[in-house]
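Asker: sequence and computational prediction follow.
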Amino acid sequence: MRLLLDTDILLDFVLERAPHHESSGKILEWAESHPGSCAVAWHSLANIHYLTRGNTRGFFRDLLQFIEVPRTGGDDMLLALELGFSDLEDAMQCASAILFGAQMIVTRNISDYKKSPIKAVTPSFILTLLSRDGKSL
């Protein structure tokens, strides 16, 4: 299974935002035990660094041991612009997911991905799916 983790999943974990911290932690634990199965968009890292006032360097070093960051460029930005999303940041997430070959985008804001060609799912949905499929968490 290949998943793109939206910025909110990482922020919930880093900022220990209740009640989402636990599910985000379980997703990251699964990702760590399945290196290369999850990705985050390049710009997510900058957004997280900014929103946490720069207290992320150690977290990023650990995260990048098992999470992929798809290499994006101008063509991928053009794709994001063509996707028709009202929020460009969400379109950029989707373009990164396409580039990574993600099967799903994990986010708490699935309504933001109505125009996504890749299904957006909640953390609780993906945790249930991974448990059901025997991909232990």
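Answerer: Nice, thanks for sending it over. Numbering: from 1, shown residues only.
Asker: run through this protein and note the low-pLDDT ranges.
Answerer: Low-confidence segments of the chain (pLDDT under 70): 134-137.
Asker: quick one: Ala97 from Pro19, how far?
Answerer: Distance check for Ala97 against Pro19: by C-beta to C-beta, to the nearest Å, it reads 25 Å. C-betas here are computed from N, CA, C, even on glycine.
Asker: ok, now Asn47?
Answerer: Asn47 is 22 Å from Pro19, by C-beta to C-beta.
Asker: and these two? Which one has more around it.
Answerer: Asn47 (14 against 7; other C-beta atoms under 10 Å).
Asker: now do the SS call for the more buried one.
Answerer: Put simply, Asn47 is helix when judged by DSSP: H, G, I helix; E, B strand; the rest coil.
Asker: contacts only, for it.
Answerer: 7, 89 (C-beta atoms under 8 Å, 6 or more residues apart in numbering).
Asker: burial of the closest residue to Asp90 other than its chain neighbours, as a residue count?
Answerer: The shortest distance from Asp90 to any non-neighbouring residue, by C-beta to C-beta, 6 or more residues apart in numbering, is to Asp112 (4.6 Å). Around Asp112 there are 21 other residues, counting by other C-beta under 10 Å.
Asker: can you list the residues that contact stretch 110-124?
Answerer: Applying C-beta under 8 Å, 6+ apart, the contact partners of stretch 110-124 are 4, 9, 20, 23-24, 26-27, 83-85, 87, 90, 94, 97-98, 102-109, 129.
Asker: how about that stretch: buried residues?
Answerer: By neighbour count on 16 or more other C-beta atoms under 10 Å, the buried set for stretch 110-124 is 110, 112-113, 116, 118, 120-121, 123.
Asker: can you give me the end-to-end span of it?
Answerer: 12 Å (C-alpha to C-alpha, to the nearest Å).
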